[in-house]
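> This is a predicted model, with the sequence first.
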Protein chains: 2
Amino acid sequence: MEPTTENEAELLAADAIGDVIEHWGFRKALGRTWTVLYLDGGALGAAELGERLQMSAGAMSTTLTELQRWAVVRKVWIPGERRDFFEAETDFWKMISRVVHERERFLAGSVRERLGRAQAVLRKTSTGAAARARVERLGRLMAFATMAETVIESFLASRRVDFGEFGNLLALGRQVTAAAVGKARKS
Amino acid sequence: MEPTTENEAELLAADAIGDVIEHWGFRKALGRTWTVLYLDGGALGAAELGERLQMSAGAMSTTLTELQRWAVVRKVWIPGERRDFFEAETDFWKMISRVVHERERFLAGSVRERLGRAQAVLRKTSTGAAARARVERLGRLMAFATMAETVIESFLASRRVDFGEFGNLLALGRQVTAAAVGKARKS
DNA sequence: TTGAACTTTCAGAATCTTTTGAAAGTTGAG
DNA sequence: CTCAACTTTCAAAAGATTCTGAAAGTTCAA
């Protein structure tokens, strides 16, 4: 069935983006809500969003809170209005870098520490060639994690990359390269 | 509580990688299983994996099937042995590119088509400045999707990038840039 | 301070995902 | 062919996650 009204078209787009967002590990509702706000261009209230997207007030509330935590939607003050209004962040780069940054923090923090702990134990308790090889493979895994972190870091550091301007990609390429080579020299 | 035995250390590492993998939208079991195989270095049978990871035979079977679908683990034939053995793919680049590729296919296929359909409807049914602005925002969203696809494609095209050799990152940077600029000229 | 308008919270319902355990299926040696 | 060894499949259980609807909380105008 083809969408025929303006609202159905909006939902079609919202659901498409919702699926992308879900594919990357978030709730579909986040993508749907952001899309409606983005396409509208202006600021909308929670009730109106809930009606357009067929979501309950409760779901709307948690969704909007989470979107704000990701700095992907912000609350705007409309003078004379009692209720809260929300509008979409339109800077794609800001949104992506926020998400990538969050995931990198996770990698950097907990994971490397745990791998390191595992390696330390293996080093102590193990004897023989097989055990040594195991320690060394774990080391390679950690080296890869470090490498990935470096790539992500430089990606984030190139904060001025604007996906709308192709020219700047050049800068990204250079920065990633420079950072990675620099780090390699140190170790 | 600190791990003290070799096996506890193995589980510590496996759980860490399991969490990373879960963070990127897969089942934890996939990451845990791959890690045990990777650290072991050799080929292991399903029963042994299940025992080390405390997983049932059924879970082991589906997990190994899925890991093979992602080409991240492969079955190996051991002459004289009745049961199947499995070993880990150790090429990180192969694994990552496979996953990125899969996600790109999703973006390229369904999503752009749906956004386009929504835009077509909006174009027809809408009149007035606000409606025109909405169509144009949807256009910007689609342009971004195309851009993202291009970046991912060039990333994938630079198949020789080896995360273990920093030097090759230079090639990645160049290729991404070249591909993006080329595509921009065409449109 | 009160009441209306709105938002947040949260227990329970609904839904989706993953695991288990056992039955059914497959394979190869003898 | 038959049995034993192994693997896959699948229904039901367990476990997570997300949503609803209503109660509680907040805020502001009067």
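That came through, no problem.
> got any ranges where chain A has weak pLDDT?
Applying pLDDT under 70 to chain A flags the ranges A:1-4, A:158-187.
> Does A:Thr33 touch A:Thr65 like I think?
No: counting by Cβ atoms under 8 Å, A:Thr33 stays clear of A:Thr65, with 11.1 Å between them. Quick note: C-beta positions are derived from backbone N, CA and C, even for glycine.
> Compare neighbour counts for those two and give me the winner.
A:Thr33 (32 against 10; other Cβ atoms under 10 Å in any protein chain shown).
> Pull the contacting residues for that one.
A:Ala14, A:Leu49, A:Leu53, A:Met55, A:Met60, A:Thr63, A:Leu64, A:Leu67, A:Val73 (Cβ atoms under 8 Å, 6 or more residues apart in numbering or on different chains).
> thinking A:Gln119 is in contact with A:Val135, fair?
Yes: counting by Cβ under 8 Å, A:Gln119 touches A:Val135, with 6.1 Å between them.
> The two: who's more crowded?
With neighbours defined as other Cβ under 10 Å, A:Gln119 and A:Val135 compare such that A:Gln119 has more, 21 against 17.
> what does chain A have sitting close to DNA strand C?
A:45-47, A:57-58, A:60-62, A:64-65, A:82-84 (Cβ under 7 Å from any atom of the strand).
> For the residue nearest to A:Leu115 when sequence neighbours are not counted, pull up the helix or strand it's in.
Among residues not flanking A:Leu115 along the chain, A:Met142 sits closest, at 5.1 Å (Cβ to Cβ, 6 or more residues apart in numbering or on different chains). Using DSSP states H and E, the element containing A:Met142 is helix A:129-157.
> What does the residue of chain A most remote from its centre show for phi and psi?
What lies farthest from the middle of chain A is A:Gly128; by Cα atoms, centre = their mean that is 43.3 Å. Main-chain torsions, A:Gly128, degrees, to the nearest 10: phi 90, psi 160.
> Distance-wise, check it relative to B:Leu39.
Distance from A:Gly128 to B:Leu39, counting by Cβ to Cβ, to the nearest Å: 15 Å.
> same thing with A:Val20?
Note on A:Val20: its distance to B:Leu39, by Cβ to Cβ, is 34 Å.
> Could you do A:Thr90 as well?
45 Å.
> More neighbours: those two, which one.
Taking other Cβ under 10 Å, A:Thr90 and B:Leu39 do not tie; B:Leu39 has more neighbours (21 against 13).
> Is the helix or strand where that one lies in proximity to DNA strand D?
Using DSSP H and E, B:Leu39 maps to helix B:28-40. No: contact of helix B:28-40 with DNA strand D (Cβ under 7 Å from any atom of the strand) is absent, the minimum separation being 10.1 Å.
> Could you check the angle that helix makes with helix A:129-157?
Interaxial angle, helix B:28-40 versus helix A:129-157 (axes from the mean of the first three to the mean of the last three Cα atoms, to 10 degrees): 130 degrees.
> Export helix B:28-40 to PDB, keeping only CA atoms.
What follows is helix B:28-40, C-alpha atoms only, in PDB (Å, rounded to 0.1, in the frame of the first residue of the first chain):
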ATOM      1  CA  LYS B  28      27.200 -11.700  23.400                       C
ATOM      2  CA  ALA B  29      27.600 -15.400  22.800                       C
ATOM      3  CA  LEU B  30      29.200 -14.700  19.400                       C
ATOM      4  CA  GLY B  31      31.900 -12.600  20.800                       C
ATOM      5  CA  ARG B  32      32.600 -15.000  23.700                       C
ATOM      6  CA  THR B  33      32.900 -18.000  21.400                       C
ATOM      7  CA  TRP B  34      35.100 -16.300  18.900                       C
ATOM      8  CA  THR B  35      37.400 -15.100  21.600                       C
ATOM      9  CA  VAL B  36      37.900 -18.600  23.100                       C
ATOM     10  CA  LEU B  37      38.700 -19.900  19.600                       C
ATOM     11  CA  TYR B  38      41.000 -17.000  18.900                       C
ATOM     12  CA  LEU B  39      43.000 -17.300  22.100                       C
ATOM     13  CA  ASP B  40      43.200 -21.100  21.800                       C
END
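> Show me how far that helix is from its chain's centre.
16 Å (Cα atoms, centre = their mean, to the nearest Å).
> ok, now stretch A:122-137?
Computed by Cα atoms, centre = their mean, the chain-centroid distance of stretch A:122-137 equals 37 Å.
> Please work out which residues outside that stretch touch it.
Under the criterion Cβ under 8 Å, 6+ apart, residues A:Gln119, A:Leu138, B:Thr4, B:Thr5, B:Glu6, B:Ala9, B:Glu10, B:Tyr38, B:Leu39, B:Asp40, B:Gly41 lie in contact with stretch A:122-137.
> Please compare these by their distance to A:Ala29 and name the closest.
B:Tyr38 (36.3 Å; Cβ to Cβ).
> Would you map the strands across chain A?
A:44-45, A:73-76, A:85-88 (DSSP state E).
> Now distance to DNA strand D and mean neighbour count too, for those strands, in JSON lines please.
Shown next, in JSON lines, are the strands of chain A (distance: least, Cβ to the nearest atom of the strand, whole Å; neighbours: other Cβ atoms under 10 Å in any protein chain shown):
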{"stretch": "strand A:44-45", "distance to DNA strand D": "14", "mean neighbour count": "18"}
{"stretch": "strand A:73-76", "distance to DNA strand D": "12", "mean neighbour count": "16"}
{"stretch": "strand A:85-88", "distance to DNA strand D": "13", "mean neighbour count": "20"}
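> wait, which of the ones you listed is closest to A:Glu149?
The nearest among those, by Cβ to Cβ, is strand A:73-76 at 28.5 Å.
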